[in-house]
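Asker: Quick one: sequence plus predicted model below, questions after.
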Amino acid sequence: MKLHSLLSPLLRQSLAALSAIALAFSASAETKWDMPTPYPVSNFHTENIQQFAADVDAATGGRLKITVHANGALYKANEIKRAVQGGQAQIGEIIISGASNEDPLFALDTIPFLASSYPQARALWQASRAKIEERFARQGLKVLFSVPWPPQGIYSKVALNSSADLKGVKIRSYSPTVARMIELMGAQPVTVQAAELTQALTTGVVSANITSASTGYDSKSWEQLGYYFDVQAWLPKNVVIVNQKQFDSLDKATRDALLKAGAAAELRGWKTSEEKTLWYVEQLKKNNMKVLPASADLHKDLVAVGDRMTKEWLEQAGADGQQVYDAYRKAIKK
């Protein structure tokens, strides 16, 4: 009896310790990530990312839960990349060209008329993806997937016959490359993030805008601007990036599930972007916005700007840029 009396408390302590370890392991088995995005909940990029997060949750049996913070609620668009790099957020969505001051390769998909259709945009992504992923990897970031915006057009208060009609006009810019294009058109670039566009138009911070029909719809641009010129200048892309250390800390099954969900999100996102482009344009028309193609003179002016920017980009991007450009040109000629 004395031996039994001695062992019982020890046994109970051991069981209690094992129980605590099991509970701790159970808690640590569920990983929670925050994912800031710059766009409204109703935007197709955000909807695609919500589905991606749900797919990850389902595929991992709840071991990895991603909370999506839309519309710049957690971090503003220009803060997201740094937040993911620093580990304040584990995963996030950014527009690639927003980082073009860091490396010319990040500017590639916003060179006017280099790739102005979905097939061309796909070919450009295929030609540049490895180099772009390499650049992000140097910064401790892993690219999961990319999704393009619809082709970019020009929103204006007045009819535009040529770029001369934009001289001195304050135009919203969302990246250094777009700002350069606006400068070459003789206009004045003003950096405004998507979440702040409606207010910027309402208060007169900008009086014109270069963006997609999607962003024009989200920001109800028809309330301040009367014209949308569907010039289809380029298709900028967003990427979803992950902090590499956070990714590496996951077990293999969870990493594989994350990569698989990312691949599915890329396919779904490209398809949705293309399918919804016409729908967005129709919504602009339904809200009494005049949707017009570029005039011959405006198109000529914009193509000339694009040619100049292509030459400038090739000078800045060096051997890697030339390699990507040559691979892209070869792909679209097939």
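Answerer: Received it, and whenever you're ready, just let me know what you need. Please read these numbers as outputs of a predicted model, since none were measured by experiment.

Asker: and the next element down the chain from the helix or strand bottoming out on mean pLDDT in the chain?
Answerer: For the chain, scoring each helix and strand by mean pLDDT, DSSP states H and E identifies helix 2-29 as the least confident one, at a mean of 49. The helix or strand immediately downstream of helix 2-29 is strand 31-36, counting by DSSP states H and E.

Asker: Could I have the CA atoms of that following strand written out in PDB?
Answerer: Taking Å, rounded to 0.1, in the frame of the first residue of the first chain, the C-alpha atoms of strand 31-36 are listed here in PDB:
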ATOM      1  CA  THR A  31      -1.100  28.500 -37.400                       C
ATOM      2  CA  LYS A  32      -2.800  31.800 -37.900                       C
ATOM      3  CA  TRP A  33      -1.700  34.200 -40.600                       C
ATOM      4  CA  ASP A  34      -2.800  37.800 -41.300                       C
ATOM      5  CA  MET A  35      -3.100  38.800 -45.000                       C
ATOM      6  CA  PRO A  36      -3.400  42.500 -45.800                       C
END
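
Asker: what packs against the helix or strand just after that strand?
Answerer: With elements assigned by DSSP H and E, the helix or strand that comes after strand 31-36 is helix 44-59. Helices and strands touching helix 44-59, by 3 or more CB pairs under 8 Å, 6 or more residues apart in numbering; DSSP states H and E, are strand 64-69, strand 141-148, strand 237-243, helix 252-286. Just so you know, the C-beta spots here come from the backbone N, C-alpha and C atoms, and that holds for glycine as well.

Asker: Need the ones you listed in CSV (columns: mean pLDDT, distance to D307 and mean neighbour count).
Answerer: Formatted as CSV, the helices and strands packed on helix 44-59 follow (pLDDT from 0 to 100; distance: least, CB to CB, whole Å; neighbours: other CB atoms under 10 Å):
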stretch, mean pLDDT, distance to D307, mean neighbour count
strand 64-69, 98, 40, 18
strand 141-148, 98, 22, 22
strand 237-243, 98, 22, 25
helix 252-286, 97, 25, 17
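
Asker: Ok, which of those comes nearest L201?
Answerer: Evaluated over the helices and strands packed on helix 44-59, closeness to L201 peaks at helix 252-286, with 14.3 Å, by CB to CB.

Asker: Report the inter-axis angle for the closest one versus strand 141-148.
Answerer: 30 degrees (axes from the mean of the first three to the mean of the last three CA atoms, to 10 degrees).

Asker: now helix 252-286 and helix 44-59, what's the angle there?
Answerer: 150 degrees.

Asker: could you say what helices and strands helix 252-286 packs with?
Answerer: Packing partners of helix 252-286 (3+ CB pairs under 8 Å, 6+ apart): helix 44-59, strand 64-69, helix 118-138, strand 141-148, helix 213-218, strand 237-243, strand 290-292.
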